[in-house]
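Novice: Return atomic coordinates for the entry below.
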Amino acid sequence: MNSPLQTSVLVVGAGPVGLTLATDLAWRGIDVTVVELRKAGEPPSVKCNQVSARSMEIFRRLGLAEKIRDAGLPAEYRNDVSCCVSATGKELSRITLPSRAGRARGERGDDSWWPTPEPSHRINQLFLEPVLFAHAAAQQRIRFLNRTMFEGLSQTEQGVTAAVRNLDSGERFSVRSRYLVGCDGARSTVRKAMGAELAGMPIVQHVQSTFFRAPALMSMLPGKPAWMYVAFNPRRCGSMIAIDGKETWLIHNFLYNGESEFDSIDRDWAIRQILGVGSDFEYEVISKEDWTGRRLISDLFQNGRVFICGDAAHLWIPHAGYGMNAGIADAVGLSWLLAAVLDGWAEPAMLNAYQAERQPITDQVSRFAFRMSELNSQHRREIPPEIERNDEVGQATRLKIGREVFDLYVQQQCCGGLNFGYFYDGSPIIAYDDEPHPAYTMHDFTSSTVPGCRVPHMWLSGRRSLYDALGAAYTLIRLDPSVHVSGILDAAARRRVPITVLDVEATDERNLYARKLLLVRPDQHVAWRGDEQPTAPLELIDLLRGACCASDCKTS
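Specialist: So this is what the prediction gives:
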């Protein structure tokens, strides 16, 4: 047998989550090997239609934001969501979201109040993944093993040995790594190999989904074309998403109670009811993309040196793309921890923070998604026939339902809370204080510097994003240059913990930032804050690098 391949981190799966993890690790100077079933550059299926603002902030740091925005829909194609009787019928209400060119011009939309340098971007995974793959493939520290299947693992205190097989030659060989991460989807082999199990609701809803081509459809749409059409009529409710902004579309027919099989409803009939077209309308089915909505969270995100991210760790109905986007958050939440341990300045115990932080958040997101699915289903089942009447009764009905569905869908499509409101509570590497974290919903949030929260964004002089000024490791933001920080810096130097100091003139943000000093982690979450440096700075540094637990370290 050939000698095992050697790598620092082995990533199983080269979808958006695995590619983000590999890219972020390489950006941090870590060697990565990626095992993937598909051929190099082989396109994914049509799924996940948007990248969240939080994910775009991550891609901005990695130098990918502009490349991603340049892909997908045409530059002037609006990202609006049209709530309508049918895609070609009367509109009930509209969520306004500018095109990518409009964003660049400063056009406003229903999410323009968000404090971020990177608004969300509507793009199907068909166009997103090639951008991520091309970038990752160009990195010297990333090695791809395409057409290769992960078959099992064994681990010791020193590392992990993975058994893999080349699908073309049949050759079996092994890969030895310090750590292994499964980003291999809902049927994750890594999850099974590490002894983890999914728990929750295995079936919430069945969705009959069809990817189709219809060159004539664009000219039949009333008003300005939208990125998404959400149809509400007494016969069938569903949604349609523009894929290329020209002729390809993805349509979801949400099956009702009792429609337990994907073929319970005639697919062609359902598509025509959602589109609002007759039997003479021509379209071509490219592929059937049927899926089942679930609410499942893994009981383990880590077992020793093995981890899971993305769909391997959690599954739910993908409102606002938050399956993939939560997976991207998993990836960057784990990446900097692995890099810190591999670089030698953090203790292996620091890695326990990954499950402590990400598992509760993904469970909460799954409950948001489930509740939103319940509300959506309720609306779909209560559409009165009066909605199609061409009289005052019909107009009044459409106005009422239009307001209701706008209020419901703006929470999903402008989900500020899921982007910026979530926080890490109970992490072993965050120095908490006595102030509680602000509550948030799927839509609403309050920016805060309470430890565990995402540090609020602000624009620095010269229209420079705060996030562009943060260091690759810890950043000590100082809003008052007279405050001494030598104790923190000396303690960090003793433990070889990389910290940079960022002096910020933030007169307008002083109330928001609440303290004169903020210690921000590589993932832009606040690790500690104060008006002066702590009396025991070495204990703070040891807490941050996983060398002690919060009850043992004095951080005041």
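Novice: Quick check: the gap between residue 461 and residue 510.
Specialist: Distance of residue 461 to residue 510, computed by Cβ to Cβ, to the nearest Å: 16 Å. No exception for glycine: its C-beta is placed from N, CA and C like everyone else's.
Novice: ok, the two, which is more surrounded?
Specialist: Set residue 461 next to residue 510 and count neighbours by other Cβ atoms under 10 Å: residue 510 wins out with 12 against 7.
Novice: quick one: contacts for that one?
Specialist: Each residue near residue 510 by Cβ atoms under 8 Å, 6 or more residues apart in numbering is listed here: residue 479.
Novice: quick one: what helix or strand has the residue nearest to the spatial centre of the chain in it?
Specialist: In the chain, the centroid-proximal residue (Cα atoms, centre = their mean) is residue 325; its distance is 1.1 Å. Taking DSSP states H and E as the criterion, the element that holds residue 325 is helix 324-343.
Novice: got it, and residue 235?
Specialist: Going by DSSP H and E, residue 235 is not in any helix or strand.
Novice: Let me see the contact set for the closest residue to it other than its chain neighbours.
Specialist: Closest residue to residue 235 apart from its sequence neighbours, by Cβ to Cβ, 6 or more residues apart in numbering: residue 273 at 4.6 Å. Residue 273 sits next to 86, 231, 233, 235, 236 when contact means Cβ under 8 Å, 6+ apart.
Novice: Out of the residues you listed, which comes closest to residue 391?
Specialist: Nearest to residue 391 among these, counting by Cβ to Cβ, is residue 233 at 16.7 Å.
Novice: tally of neighbours for that closest one?
Specialist: So residue 233, with other Cβ under 10 Å, has 20 neighbours.
Novice: what does residue 282 give?
Specialist: Quick note: residue 282 (other Cβ under 10 Å) scores 11 neighbours.
Novice: roughly how far apart are it and residue 247?
Specialist: 12 Å.
Novice: ok, back up a step: list the contacts of the residue nearest to the centre of the chain.
Specialist: Residue 325 touches 51, 52, 54, 55, counting by Cβ under 8 Å, 6+ apart.
Novice: Now go through those residues and say which are in helices.
Specialist: Secondary structure defined by DSSP state H assigns 54, 55 of the contacts of residue 325 to helices.
Novice: Determine which two of the contacts of residue 325 are furthest apart.
Specialist: 51 and 54 (9.2 Å).
Novice: Point to the helix or strand of the protein where mean pLDDT is at its lowest.
Specialist: Every helix and strand in the chain was compared by mean pLDDT, DSSP states H and E; the lowest is helix 510-513, with a mean of 82.
Novice: Mind giving me the packing neighbours of the next helix or strand after that one?
Specialist: Once the chain leaves helix 510-513, the next helix or strand it forms, by DSSP H and E, is strand 517-520. On a contact count with 3 or more Cβ pairs under 8 Å, 6 or more residues apart in numbering; DSSP states H and E, strand 517-520 meets strand 474-478, strand 526-530.
Novice: got the buried residues for the host helix or strand of residue 396?
Specialist: According to DSSP H and E, residue 396 maps onto helix 392-413. By 16 or more other Cβ atoms under 10 Å, the buried positions in helix 392-413 come out as 394, 397-398, 401-402, 404-406, 408-413.
Novice: for those, which one is nearest residue 518?
Specialist: residue 411 (29.8 Å).
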